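Q: no sequence on this one, just coordinates:
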Ligand SMILES: Nc1nc2c(ncn2[C@@H]2O[C@H](COP(=O)(O)O[C@H]3[C@@H](O)[C@H](n4cnc5c(=O)[nH]c(N)nc54)O[C@@H]3COP(=O)(O)O)[C@@H](O)[C@H]2O)c(=O)[nH]1
């Protein structure tokens, strides 16, 4: 099926589209976050580089400042040594210090100790209190070595100043070069870390001068200078180098738990290493700010991507469901939701293909037509009709297996295609099930009703090799089932096809017959058996087909009924019969009653009453002169409706005759239930009743009719004996070839003219019904 193939390809494309959208969106998300990640890594690296570059710059500046300070103190010590040695120990330290421009606040004091360690001169302190520094490192270093180098001691509490001091000392020599003592310049350790700048190093940054002995000469963390302490210098250097290589932060637990990025530098002239450090947290904070903004952009981009994905998926799904809906609409019937003809065709084509391959099964194609559905529609309305169709569809669907299919072809026509492993036998079983499913009462528009179906069956491959032929033959078989009395199934036979062709050509010709004036009404006289006067006539339709000749009513009326053509034809008969009767009445100046045959389907149409009234009014025929002939089967079809219709017809003053009495149920109940005026004993019944027994039965019927106040008309009187017999039994009126055959209007007019003693034998006309 093209629709199905398109739908499948559309669904495949939709799936591809969906996957593409999802894939693209996910790829976009990954790309966004990879870009952010890469950017952050680059940023981190850049920040680290900048951090280390900054630290490097700080350390270099710091190096200069430290060297400057140390050289300054070194200079002072050199000057004091020179002065001391030149003056042979009688130096005026106060004046000398002033001259040595030792004006720095950083210098706590300058002092000189003799070879015994006694402070012999100092710029500050209590001169009367003797102070000895023999035990101090900066004394003992010079005592032990003859070096002239400046010694920078570890910070100690000064014995003169009482403050933590950094003692920078130089050896004093006597003229012979022997040890004469030391000159000491004591400074605050903080003098070496005053350059700490919070802007550069942060609130917990570090600036330090570390001796190669592992003792801090000066140490400042943030705003505070720390007391000196000792660390493992070699370990520190190794850790420092490792951290620098990895651009990593370093924690010195001896100091505090803070991790810092640091840069260290060895001072060339002194055994000291300086370092500057910045807290890792400060750097990370800076990177964090960058990351935050990157993440914000990333989240925004991700949200937009997800939104795009969501919208695109929603659109794709909507498109898909819309396509599915369209596909469903194209392949299913809206009212019943059953597959439609298009889906049925493709399903059958596939079944044929598969069955041809296997060559072991048969396929049954069934044409199912609900019987008299049109009447339901016409009498109860389309909503009720729809309700009935929906329920019938549900029942049919329940009967077939999943592999088989029931479809609605339109109106009240359905079709089922099914695999039949046992050919005809399986098809019969299924058809019976389908009929049984419809046999249960339906509750429609609040009332219970029954409906049946006629099913035509063709089998693949015996009745056709393609679906067109199979459907056509199933349709033909269905008509056969209808013609055979409905509520049954029929298998296709080749003979049916011939019959169907003839049937079809009759139907087509019938459709044109009215406009081509091919119909004619013949009139058969009805005789009053007591007076033997003509009291009326039965109008009998004739069809003069230009090629087929005169087609008997029994051949075309059932087709007209089946194809819904009886209504317009019946209407025409009514008009023609009423008009002609009026003409005869006017021509002969006496009343004549005309009886017109009404089919079951005409009776079940509300338009009948209007048609009858219109025909009478158009002809100007008194209502009492029209008689409608109805068969028992027409009345029992829908007794409720029949009763209502007859009541309305009776209200118009029209006579009702029960035709063919004696052939059907002949139930007394009908005679009581329906407003019947005339009982027409069927001709087959009249002709078959011979001898004393038959007379008794006819007599009984006549008596019964009379008891019920009904007139009795005997049909098919073909002999004088039958006429006499009926007269003797008190039968009111008679009709038959013996009394007069059905004849064209002109001939009937002559018949009326020629019949001797013709006089008015009809009942008196109602008041106001002028002739
Ligand atoms: N709904 C309509 N049905 C109609 C109409 N016109 C006719 N019919 C029905 O067609 C059936 C056949 O009718 P027809 O071939 O016309 O046969 C009628 C008579 O010709 C025949 N008849 C009359 N007398 C004799 C007789 O002595 N012997 C004999 N063998 N046949 C005879 O009987 C038919 C009339 O029967 P009935 O209607 O039961 O009175 C027939 O059933 C018609 O009803 C039409 O316009 N509408």
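A: Structure's in. What do you need? Everything numeric here is computed off the predicted structure, so don't read it as measured data.
Q: Point out the residues in the stretch 601-750 of the chain that sit beside the ligand.
A: Counting by C-beta under 6 Å from any ligand atom, the stretch 601-750 of the chain comes close to the ligand at 629, 659, 660, 683, 715, 716, 717, 718, 735, 736, 737, 742. For the C-beta atoms, the positions are set from N, CA and C on the backbone; glycine is no exception.
Q: Name the SS class of the first one, please.
A: Meaning residue 629. At residue 629, secondary structure determined by DSSP: H, G, I helix; E, B strand; the rest coil is strand.
Q: Tell me, how many residues neighbour it?
A: Neighbours of residue 629 under the rule other C-beta atoms under 10 Å: 20.
Q: Was I right to think it contacts residue 654?
A: No. Counting by C-beta atoms under 8 Å, residue 629 sits too far from residue 654 to count as a contact (11.4 Å).
Q: and the protein, what are its domains?
A: What the TED database lists as the domains of the chain is 341-492, 565-752.
Q: got a markdown table for these, with mean pLDDT too?
A: Shown next, in a markdown table, are those (pLDDT from 0 to 100):
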| stretch | mean pLDDT |
| --- | --- |
| domain 341-492 | 91 |
| domain 565-752 | 90 |
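Q: Can I get these in TSV including distance to residue 54?
A: Listed next are the domains of the chain as TSV, based on distance: least, C-beta to C-beta, whole Å:
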stretch	distance to residue 54
domain 341-492	79
domain 565-752	105
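Q: related to what we said a few turns ago, so which of the residues of the stretch 601-750 of the chain next to the ligand sit within strands?
A: Under the assignment DSSP state E, those contribute 629, 659, 660 to strands.
Q: give me the number of residues near the closest residue to the last one other than its chain neighbours?
A: For residue 660, ignoring the flanking residues on the chain, the nearest one in space by C-beta to C-beta, 6 or more residues apart in numbering is residue 682 at 4.4 Å. Here the count is done by other C-beta under 10 Å, and residue 682 has 19 residues near it.
Q: Against residue 713, how distant is residue 682?
A: Counting by C-beta to C-beta, to the nearest Å, the gap from residue 682 to residue 713 is 11 Å.
Q: can you map out the helices along the stretch 201-350 of the chain?
A: Ranges of helices within the stretch 201-350 of the chain are 233-245, 280-331, 341-358, based on DSSP state H, counting those that start in this stretch.
Q: The stretch 351-500 of the chain now?
A: Assigned by DSSP H, counting those that start in this stretch, the stretch 351-500 of the chain shows helices spanning 373-380, 382-399, 423-439, 467-483, 494-513.
Q: Could I get the contacting residues of residue 118?
A: 130, 131, 132 (C-beta atoms under 8 Å, 6 or more residues apart in numbering).
Q: taking the residues you listed one by one, which sit in helices?
A: Here DSSP state H is the test, and these give no hits in helices at all.
Q: Which pLDDT value belongs to residue 226?
A: Model confidence at residue 226, given as pLDDT, is 88.
Q: same question, residue 532
A: In this prediction, residue 532 carries a pLDDT score of 93.
Q: what about it, neighbour count?
A: Count around residue 532 with other C-beta under 10 Å applied: 14.
Q: again, but for residue 335
A: Counted with other C-beta under 10 Å, the neighbours of residue 335 add up to 13.
Q: Check the gap between the residue of the stretch 151-300 of the chain found nearest the ligand and residue 37 for me.
A: Closest approach of the stretch 151-300 of the chain to the ligand (C-beta to the nearest ligand atom) occurs at residue 300, with a separation of 83.9 Å. As judged by C-beta to C-beta, residue 300 and residue 37 stand 16 Å apart.
Q: wait, residue 616 sits on residue 624?
A: No. At 10.0 Å, residue 616 does not count as touching residue 624 under the criterion of C-beta under 8 Å.
Q: Looking at the two, which is more packed in?
A: residue 616 (22 against 18).
Q: Show the contacting residues for that one.
A: By C-beta under 8 Å, 6+ apart, residue 616 lies in contact with 578, 622, 623, 626, 652, 654.
Q: out of the residues you listed, which is most surrounded?
A: Result: residue 626 is most packed of the contacts of residue 616 (other C-beta under 10 Å), 26 neighbours.
Q: Okay, and the beta partners of it?
A: Beta-bridge partners recorded for residue 626 (DSSP bridges): residue 594.
Q: Neighbours of residue 146, how many?
A: 11.
Q: wait, residue 442
A: Neighbours around residue 442, by other C-beta under 10 Å: 18.
Q: again with the one 4 residues further on
A: Neighbours of residue 446 under the rule other C-beta under 10 Å: 7.
Q: What of residue 325?
A: Using other C-beta under 10 Å: residue 325 sits among 10 other residues.
Q: How about residue 520?
A: Residue 520, neighbours per other C-beta under 10 Å, totals 14.
Q: Check for me that it belongs to a strand.
A: Yes. Counting by three-state DSSP, residue 520 falls inside a strand.
Q: before we move on, back to that, isn't the residue nearest to residue 660 up against residue 716?
A: Yes. Taking contacts as C-beta under 8 Å, residue 682 lies within contact range of residue 716: 7.4 Å.
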